[in-house]
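1. I would like to see how this sequence folds:
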Amino acid sequence: MAIDVHTHIVPAEFPAYAGRAGAQRWPQMHACDHPGHKTVVIGDKPFRTVSDHSWDVARRLDEMLAEDVQMQVLSPMPELLSYWFDADDALTMARHVNGTIAAMVATDPAHFAGLGMVPLQDPELAAKQMQTLRRDYGLVGVEVGSNINGKPIGHPDHAPFFAAAVENDLAVFVHALHPAGADRVIGPPLLQALIAFPNENAFAVASMITGGLLEQFPGLRIGFSHGGGSFGLVLPRLQSGWETTRGENAFLPRAPLEYARRMYYDTLVYDDLALRYLIDLYGAERLMVGSDYPFLIREKAPGRRVVGLELPATERDAILRGNARRYLKL
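-> Have a look, this model is predicted:
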């Protein structure tokens, strides 16, 4: 039985827009032709049709049982993170989404834990909101985008937020969002998630290392979706460059590999060989099961790939459950 750290929710409804900055991208839920589904509409355009698994705890529990998932960690659909809103509007959305996640967790805390969201376009405001996630909502961490309106998550400007994460003992989970290079992907929109997301995740992981935030906050518990994307292939190159320039010209005080092995990564790489590589690269103690439930590109029964690798029992159990418990302090 696995703890799945990478699952998303969408509220069944959104409040009407009540701000003053303009409602162009404020989401609404519309009925659609498919029973048990609704369409998320943003700016009068359909964004995504989602099933009631996005908000119905009972539906999720049925599938979890069938797929050997002991617990799901619920987080917002990334497009709800709202960094492109006025900060006050983003805070309103955050309160609604955090309340939705808290209510879902409260129905069955043995099988659900939650990650909230904060208005990170204003790092000081986001930092102030961090204390509410555990105190007011009972959440164990926060989901953030790989970039905040184009600024990498590892930019030093975000230091107040990361300081608050450490101070409030909250885990941070980074998800690809509005990826760089999406304009170079040829084909239907789904290909952005398949091609551009991994590279976007690599930028995010690298920024946490080269931006100095891991050095500044050694107690930070931070994890990345989709196995950290293509960073697993970037890291040996980064490590080699550091070794070549180490000494007076070193661009980091410690080896990139050391920083990389302080962070966590989910197992959502869709391939046994890729997963084995990440275990060898980062260590079995840094991998956690992730599925992207309930969306189209999710991996069903995500723990079964880990079991199929026939790892030593201690490594298998760490990836299935133990690492997630340590990362989230469950």
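2. Ramachandran angles for the residue nearest to residue 284 when sequence neighbours are not counted?
-> Using C-beta to C-beta, 6 or more residues apart in numbering and skipping the chain neighbours, the partner closest in space to residue 284 is residue 315 (3.8 Å). (Glycine included, C-beta is placed from N, CA and C.) Residue 315 adopts backbone torsions of phi -70, psi -40, taken as degrees, to the nearest 10.
3. ok, residue 315 - how many residues close by?
-> The burial count assigned to residue 315 is 18, neighbours taken as other C-beta atoms under 10 Å.
4. quick one: it from residue 213, how far?
-> Going from residue 315 to residue 213 by C-beta to C-beta, to the nearest Å gives 29 Å.
5. Next: residue 171.
-> Residue 171 is 15 Å from residue 213, where distance means C-beta to C-beta.
6. And for residue 23?
-> Residue 23 sits 34 Å away from residue 213, going by C-beta to C-beta.
7. more neighbours, the two?
-> Set side by side, residue 23 and residue 213 show more neighbours around residue 213, with 22 against 15, by other C-beta under 10 Å.
8. what's residue 170 in contact with, if anything?
-> Residue 170 is in contact with 130, 133, 134, 139, 140, 141, 142, 164, 221, counting by C-beta atoms under 8 Å, 6 or more residues apart in numbering.
9. Of the residues you listed, just the buried ones, PyMOL syntax please.
-> In PyMOL, a selection of the buried entries from the contacts of residue 170 looks like this (16 or more other C-beta atoms under 10 Å):
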select buried, resi 130+133+139+140+141+142+164+221
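10. May I ask which two of the contacts of residue 170 are separated the most?
-> Using C-beta to C-beta, the two most remote members of the contacts of residue 170 are 140 and 164, lying 14.7 Å apart.
11. Would you mind measuring the gap between the ends of stretch 6-17?
-> Counting by C-alpha to C-alpha, to the nearest Å, you get 29 Å between the two ends of stretch 6-17.
12. list the buried ones in that stretch?
-> For stretch 6-17, by 16+ other C-beta under 10 Å, it's 6, 7, 8, 9, 10, 11, 14, 17.
13. now stretch 312-320
-> So stretch 312-320, judged by 16+ other C-beta under 10 Å, has buried residues 315, 316, 318, 319, 320.
14. From the centre of this structure, point out the most distant residue.
-> residue 248 (36.0 Å; C-alpha atoms, centre = their mean).
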